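Undergrad: sequence below, structure please.
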Amino acid sequence: MTATAAEALAGQRRRRFIAPLRDQVDAACFRHPVFAGYGAYLDLLTAARWPDIDTLNARLPASAPRFVTQDADLLADGLHYEARIAQGRIATRAENWHDLCNALVWMRHPGIKHALNRQQCRHIDRIGTRERSPAQQALTQFDESGVIVQVRDTRLLELWDRHDWTALFHTEADCWRKGDITVVAVVGHALMEQGLVPGRLLIGKCLVVVGDAVDAVARVAESISADTCLAASAELRPLPLAGIPGWHAGQDVAFYRQTDYFRPLRDGRVYPQPL
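TA: Here you go, the predicted structure:
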């Protein structure tokens, strides 16, 4: 990482992310792998005008809740955002990148979104809305920054466990190209929103499926629904996405040694077994 890149990363951490205006987004950014799997919906991101609620709802599977405009009248019901979804209404702000990216995930991965909502509502029913349990924090982190990774060669998981980023990304780059380890899906809509800015150094919060599962996304949705994962944020493995071969420019050995982005393992940090 160059000094300029390091300074940019420091700036990222100091500032709250503000998405660019629609006409300031270069459509080339949607070719980045963070948007892989959303090709059927990219017209909603690249069109000159923002899609309206009816347009979004027309792209949803029948089993999903419906998008509704978030305005003062809607919020007057006093319901929690998640409770409203459970009633079949996803509050969606007009002309808002964050909510539009969220809409795409509902379209592409409704099973994941349903599972997250059910668990959030379960905790709300138990403790109310004044507090947030550790599980709710984990569910929210995965909803915002979640990535599902499939690992076929468990030797690579050992490298990840100890944050040996140079080995995981650089030495074993061919393993990424062969599919021994692969990003199956980006489900975090905040990651997608940040991907609107080219070169931004993103960090995914990952759930890992080991082996040759036919549908790793469904496996994760089942685990969330069964409450066998995401009991706490510590279950989520951080993955510096810019390290994945082909996801960022300038991936030489020096790039992977920049500890302000490729952070070393914290003392005492132990990851749970993957799914």
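
Undergrad: alpha carbons only for contacts and neighbour counts from here, please
TA: Will do.

Undergrad: next, count neighbours for R126.
TA: Applying other CA atoms under 10 Å, we find 9 residues neighbouring R126.

Undergrad: just V25 next, same as before
TA: Neighbour count for V25, taken as other CA under 10 Å: 16.

Undergrad: contact partners for it?
TA: Contact partners of V25, counting by CA atoms under 8 Å, 6 or more residues apart in numbering, are 196-197.

Undergrad: repeat that with 7 Å
TA: V25 makes contact with L196 under the criterion CA atoms under 7 Å, 6 or more residues apart in numbering.

Undergrad: also the one 4 residues further on?
TA: For C29, the residues meeting the contact criterion (CA under 7 Å, 6+ apart) are 196, 198.

Undergrad: how about it, secondary structure?
TA: Put simply, C29 is helix when judged by DSSP: H, G, I helix; E, B strand; the rest coil.

Undergrad: where does the prediction get shaky in the stretch 1-150 of the chain?
TA: For the stretch 1-150 of the chain, the stretches with pLDDT under 70 are 1-15.

Undergrad: which parts of this structure are helices?
TA: Taking DSSP state H, the helices of the chain run over residues 3-14, 43-46, 53-58, 72-75, 81-86, 97-108, 110-127, 134-145, 154-161, 165, 173-178, 189-194, 216-225, 253-256.

Undergrad: could you dump those into CSV with distance to H32 added?
TA: Putting the helices of the chain into CSV (distance: least, CA to CA, whole Å) gives the following:
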stretch, distance to H32
helix 3-14, 18
helix 43-46, 13
helix 53-58, 23
helix 72-75, 35
helix 81-86, 30
helix 97-108, 15
helix 110-127, 22
helix 134-145, 16
helix 154-161, 23
helix 165, 21
helix 173-178, 16
helix 189-194, 10
helix 216-225, 20
helix 253-256, 19
